[in-house]
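Asker: After the sequence you'll find the predicted model.
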Amino acid sequence: MRFKKQALAWAMTSVFAFSMVLTGCGSNNNKTSATETKETASQPASTTAAATETATEPEPAKLAPVELNWYLPAAPQKDTKLVEKALNDYLKDKINATVHLNFVDWGSWKDKFPVLLASGSNVDIMFTAGWSQFPQSVAKGYFADITDMLPKYAPKTVENLPKVLFEGARVAGKIYAIPTSKEIAHTNGFGYSTELAKKYGLEEQLKAFQTKIPTLEDLEPILAAVKAQDPNVSPLGGVYNMNFAMTFLDFDPVGDQNIPGMLYKNKDTIVVDEYETPEYKAIFNTMHKYYKAGYIRKDATIVKDATADRKGKKVFLIGGTTKPLANEEIGASYGYELEQFSITTPFITSNDTQGSMNAVVASSKNPERALMFLELVNMDPIVNNILNYGVEGTHFVKTDVDNVIDFAPGLTGQNSGYFPNAFWEFGNQFLNHFLVGQNTKKWDLFKEYNDSGVPSKILGFNFDAEPVKTEIAAVANVRDELLPSIATGTVDPEIFLPKFITRMKQAGLDKIIAEKQKQIDAWLATK
Amino acid sequence: MTSIAKKKSNIQNQISSPTNILFHLIFVIFVAFCLAPLILIFMVSITNESTLSTNGYSFFPKAFSLQAYQYIFRDTQQIIRSYGVSLFITIAGTFLSVFIIALYAYVISRKGFKYRGFFSFLVFFTMLFNGGLVPTFMIYSNVLGWSDTLFILIFPLLVSPMYVIIMKTFFSSSIPDSLVEAAKIDGAGEWRIFFSIILRLSTPALATIGLFNTLHYWNDWFTALLYITDEKLIPLQFLLYRVQSTLEYLIQISSQSGQGAMTIADLPGQSARMALCIVTIGPVILAFPFFQKYFVKGLTIGAIKG
């Protein structure tokens, strides 16, 4: 009894002590950040002046040297120190900053970055994305609001990046990150081996799809011809997560596309259960027909990785996203020539615009300088290419052709001391040098492609999944269990689709849809 | 029936040969079941990647390839270094940890200790509640500044409340108070009692905790994930975890477009995963035989005549 009382007393005391430590920390933090902002506000009248000048004429003498820590998910590189040195030598004259590149390997990223942010560690710039808790991090106050600072410290970036891209970086009207400029629209489609197409005499028919977007039914003659001529090649292949209803119809996913509850593409803002729409049902029916006709691998539901099939030309139509030149680049990795056609029109959703961004961390001591650095990452080809390819002469060499580079002699992408292979993370991709063998028209085609994209009606909306977390997990389980067999056409949708829908509803699908609708309506009301 | 058979076997000190054969057979089959997965892992690790994707896993692959090992051992120096780091933290950590746990557990197992209630409660409390990831990280990294030191790889796992409780139970149930008293009467001080009597009698418990700790330290990668950025201090498990995640990323990139895809030739995916398993097994399979002798020895030693 006495022990119990004692224990209780001790438990209480420790809880109190602990909470005091916590609050102590909290208020302390506030105080320091307050004084800091005051300092930055009063002290560097010169810094601000200098910064505005930097836009036109760099005056490094007036800038005090600072250190900037940048955290990104990427495979740690052996020569990072070397590259940092080259980068910082160049930056010294520009913005007088010493940048540290902190590559966090892919497996650690999702565990490590929240801890870094929450613990107020020494981070100035943090990579972020819709899939890397961008909205959540903003809600927790980890990222600095850069709406007002942007035009001052990163004017060219604001001017040059597509306006629609910044929509994804906004939360409640304020900008919290600088998006990476790359392709911003998406189209779904198919690639196919030109050699096989020629062999089957299907070139003309397939070429026609490039001008007139085909439906799933339109593909039937092609599939039948392949099936008839070559039993070794599967016309459509098959992998457990193939879902042609999703790729052909291209519904507007509200957040994560694996969570059901979507909008019709550019129609209205009413969230529907896509599995109950007649369009989905029609596609599933066709898929079942194709499955029975043998156009899809019999064991599609258990195939986890289709790469081997694709490389071995065991599948004719290869599903994927069809941005410009995707066929050439994927073809280079597969080792044969590919041609492609799209099955949807270019569409821009929040997932596209939030794919890769860099945020200035709220606790950063030098947010201005961080932005000035990001301005260079996005606008200065030298900075951009050092980050992507390393040091000229050591890691890469220029070729005779303008803007085309090659690995330094003896090096490849796999044994180079610095090749993060994460071009989509390091700012403006339009500044990337081309590798030998790459089509140099790429960026022009990309600009055209981006301009043709139609933005979603809810672009910039972020779905907060927290209130329906349990339901989402339950629905995901049902989806993983039943959807692969329906979507690959393995089972008859007439029987299994209603079953699937009932199970989804039991798992709480309606609650998710209602929550999505509620949040969208609230968001639309503020616009 | 059984008692008769037992008696008979005791006298002859062996079992009849049909039974013997049967038992052997049973154990051979059992061992085969245990070893088969390990052998399969090894075979897959030396299988050609494209053979794997077309034919699946097999004990007798059609084409061999050492590509997976070549990929992992691209940077041999780093692997050797990481092996060294892992060995060091495992050995140093295990000894230090067993020592501290034994000290703590012994003290709270002694009935004469005035504050044992409080100190037992401390252990019990931390078993149920802890500060959570972020506060822990703040203390270690921001307050104490232990990031990127060997010490941080050892410290967080030093005292595990569960083991303290196991150890305390062992002390209070297996070592009679009269033994301590006897030692006291003979003029031994507290330190002498602990080192010369208690520890000597506790080898089974020490070995158990030691084995657990060895596995713990050897397999720990999460501490390194949080606190280590210096390549020189990366333990083996974390290094291999990184190799694995990087490989997955590259394979993913290779099926997407971009200049990245063009630089990636054949990558070992599944075979590399298995090769990683083989590489990590390393010294740990030696740990059990090492501790085993203490289990046996400890059990046969008696202390007080009943």
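Answerer: Arrived safely.
Asker: Return the set of buried residues in stretch B:184-199.
Answerer: B:188, B:193, B:194, B:197, B:198, B:199 (16 or more other C-beta atoms under 10 Å in any protein chain shown). (C-beta placed from N, C-alpha, C; glycine too.)
Asker: any chance of these in CSV, with distance to residue A:413, secondary structure and pLDDT too?
Answerer: Shown next, in CSV, are these (distance: C-beta to C-beta, whole Å; DSSP: H, G, I helix; E, B strand; the rest coil; pLDDT from 0 to 100):
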residue, distance to residue A:413, secondary structure, pLDDT
B:188, 68, coil, 89
B:193, 65, helix, 91
B:194, 59, helix, 91
B:197, 64, helix, 88
B:198, 60, helix, 89
B:199, 56, helix, 89
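Asker: which among the residues you listed are in contact with chain A?
Answerer: With C-beta under 8 Å from any C-beta of the partner chain as the criterion, the buried residues of stretch B:184-199 include none near chain A.
Asker: what's the closest of those residues to residue A:356?
Answerer: residue B:199 (57.4 Å; C-beta to C-beta).
Asker: between the buried residues of stretch B:184-199, which is closest to residue A:492?
Answerer: Of the buried residues of stretch B:184-199, the one sitting nearest to residue A:492 (C-beta to C-beta) turns out to be residue B:199, at 70.5 Å.
Asker: And stretch A:163-174, what's buried?
Answerer: A:164, A:165, A:166, A:167, A:168, A:169, A:170, A:171.
Asker: Repeat that for stretch B:222-240.
Answerer: B:223-229, B:233-240.
Asker: filter the residues you listed down to the ones near chain A?
Answerer: Among these, chain A is touched by B:225, B:226, B:229 when using C-beta under 8 Å from any C-beta.
Asker: could I get these as JSON lines with pLDDT and secondary structure?
Answerer: Output for those, formatted as JSON lines (pLDDT from 0 to 100; DSSP: H, G, I helix; E, B strand; the rest coil):
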{"residue": "B:225", "pLDDT": "90", "secondary structure": "helix"}
{"residue": "B:226", "pLDDT": "89", "secondary structure": "helix"}
{"residue": "B:229", "pLDDT": "85", "secondary structure": "coil"}
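Asker: Show me which of those residues is closest to residue B:169.
Answerer: residue B:226 (32.0 Å).
Asker: what does the stretch 301-450 of chain A put close to chain B?
Answerer: So the stretch 301-450 of chain A meets chain B at A:305, A:307-308, A:310-312, A:320-321, A:323, A:325-330, A:332-333, A:412-415, A:419, A:421-424, A:432, A:434-435, A:437-438 (C-beta under 8 Å from any C-beta).
Asker: 7 Å - rerun?
Answerer: A:307-308, A:323, A:325-326, A:329-330, A:332-333, A:412-413, A:421, A:423, A:435, A:437-438 (C-beta under 7 Å from any C-beta of the partner chain).
Asker: are any of those buried, and which?
Answerer: Using 16+ other C-beta under 10 Å, the buried members of these are A:307-308, A:323, A:325-326, A:329-330, A:332-333, A:413, A:421, A:423, A:435, A:438.
Asker: which residues are contacting the strand or helix carrying residue B:68?
Answerer: Here residue B:68, judged by DSSP states H and E, is contained in helix B:67-72. Applying C-beta atoms under 7 Å, 6 or more residues apart in numbering or on different chains, the external contacts of helix B:67-72 come out as B:45, B:49, B:243, B:268, B:271, B:272, B:275, B:276, B:279.
Asker: Could you find the closest non-adjacent residue to the fourth one?
Answerer: Meaning residue B:268. Spatial nearest neighbour of residue B:268, chain neighbours left out: residue B:68 (4.1 Å); criterion: C-beta to C-beta, 6 or more residues apart in numbering or on different chains.
Asker: Equivalent analysis for the second one, please.
Answerer: Setting aside the residues directly before and after it, residue B:49 is nearest to residue B:268 in space (C-beta to C-beta, 6+ apart), at 5.0 Å.
Asker: From what I see, the one you found and residue B:50 are in contact.
Answerer: No: at 10.2 Å, residue B:268 and residue B:50 do not qualify as touching, with contact defined as C-beta atoms under 7 Å.
Asker: neighbour-wise, which of these two wins?
Answerer: residue B:268 (24 against 14; other C-beta atoms under 10 Å in any protein chain shown).
Asker: before we move on, what SS does that one have?
Answerer: coil (DSSP: H, G, I helix; E, B strand; the rest coil).
Asker: That one: what's it in contact with?
Answerer: Counting by C-beta under 7 Å, 6+ apart, the residues that residue B:268 touches are B:49, B:67, B:68, B:71.
Asker: Near residue A:502, how many other residues are there?
Answerer: By other C-beta under 10 Å, neighbour count at residue A:502 equals 12.
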